[in-house]
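K.L.:
Show me how the following folds:
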Amino acid sequence: MAPILREYLIIKTHPTIRAKELEIHVLDETLHKQGYALHQLLETSRSQGEIEEELRMFLEKSI
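P.N.:
As a prediction, the model looks like this:
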């Protein structure tokens, strides 16, 4: 939940950031540290423009 909230706050308060994409990563048991989540949401390298375009196309299809 924390990564989603953190990214939401960044998007709402930053003057130029308009979109971010997160994807789930499952850590290998050997890399998993005690006290850390096995499943983590990490930011992708997609540009804001790519994310906004995909969202626009998705919303157009839903109408």
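K.L.:
Buried residues of stretch 10-24, list them for me.
P.N.:
Neighbour counts using 16 or more other Cβ atoms under 10 Å place 19-21 of stretch 10-24 among the buried residues. C-beta: built from backbone N, CA, C; applies to glycine.
K.L.:
meant to ask about stretch 37-47
P.N.:
Those would be Leu41, for stretch 37-47 by 16+ other Cβ under 10 Å.
K.L.:
Can you name the residues in contact with that stretch?
P.N.:
3-4, 7, 20-27, 32 (Cβ atoms under 8 Å, 6 or more residues apart in numbering).
K.L.:
May I see these arranged in JSON lines, with pLDDT as well?
P.N.:
Below are the contacts of stretch 37-47 laid out as JSON lines (pLDDT from 0 to 100):
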{"residue": "Pro3", "pLDDT": "87"}
{"residue": "Ile4", "pLDDT": "92"}
{"residue": "Glu7", "pLDDT": "93"}
{"residue": "Lys20", "pLDDT": "95"}
{"residue": "Glu21", "pLDDT": "95"}
{"residue": "Leu22", "pLDDT": "95"}
{"residue": "Glu23", "pLDDT": "95"}
{"residue": "Ile24", "pLDDT": "94"}
{"residue": "His25", "pLDDT": "90"}
{"residue": "Val26", "pLDDT": "92"}
{"residue": "Leu27", "pLDDT": "85"}
{"residue": "His32", "pLDDT": "77"}
